[in-house]
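Asker: Provide a 3D model corresponding to the input given below.
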Amino acid sequence: MGRIADSDRVRTETFNELDAKSKEMDELNDCGVKAIAVVTGMTYEEAHAALKHLGRINGIGSQRQWITDVIESRGFTVKRILNEHFISQYPGVHSGLQSVTTHHPARFPTPFAMGVYLMFTKTHVAACVDGKVHDWSIGRSLRVNDMYLITKE
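Answerer: Numbers count the residues shown, from 1 in each chain. Sure, this is the predicted structure:
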């Protein structure tokens, strides 16, 4: 893959606001809190409290099941989408890629253009809304293991 342009490394205002809240609360390893807030429209504090209620300890990451449980409890449907769904829509020879990364929504916007997704890597989760990744990983190529489509019931 070619060099990632500096313009593709700019964090969204949504993420910056969540990151500021995180710093105010002296939090670490709270990507799940931020992802929930982005995909549901909850405030950082609401998402934080919901995960804490399920057992999350400040400064320690969230279990995937807790993240999806909080989202579903707010009336959303969480549906796993295979990476191949996106890869098959990539242009030209790129449709032969073997994985999706957190940079792909910027690189191949069409498959991600309409939808709300959670992008789980081995140790991280990022939110992608209508083709825009709201996370520190924007402009980086973190390999996505699982993707989930979030829809309102």
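Asker: Packing partners of the helix or strand where residue 133 lies?
Answerer: Element membership for residue 133 (DSSP states H and E) is strand 132-134. Applying 3 or more CB pairs under 8 Å, 6 or more residues apart in numbering; DSSP states H and E, one finds that strand 132-134 contacts helix 13-24, helix 104-107, strand 125-129. Bear in mind the C-beta positions are built from the backbone N, C-alpha and C, glycine included.
Asker: Among these, show me which one is buried the most.
Answerer: strand 125-129 (a mean of 24; mean count of other CB atoms under 10 Å).
Asker: need the contact list for the residue lying closest to residue 58 once chain neighbours are set aside.
Answerer: Nearest non-adjacent residue to residue 58, counting by CB to CB, 6 or more residues apart in numbering: residue 27, 6.3 Å away. Going by CB atoms under 8 Å, 6 or more residues apart in numbering, residue 27 touches 33, 48, 58, 59.
Asker: Against residue 21, how distant is residue 27?
Answerer: Per CB to CB, to the nearest Å, residue 27 is found 8 Å from residue 21.
Asker: the helices in the protein, which residues?
Answerer: For the chain, applying DSSP state H gives helices covering 13-24, 31-40, 44-54, 64-73, 83-87, 104-107, 109-112.
Asker: quick one: buried residues of stretch 134-151?
Answerer: The neighbour-count check on stretch 134-151 (16 or more other CB atoms under 10 Å) flags 134, 135, 136, 137, 138, 139, 142, 144, 147, 148, 150 as buried.
Asker: okay, who's weakest in those by pLDDT?
Answerer: Among those, residue 139 has the lowest pLDDT, at 78.
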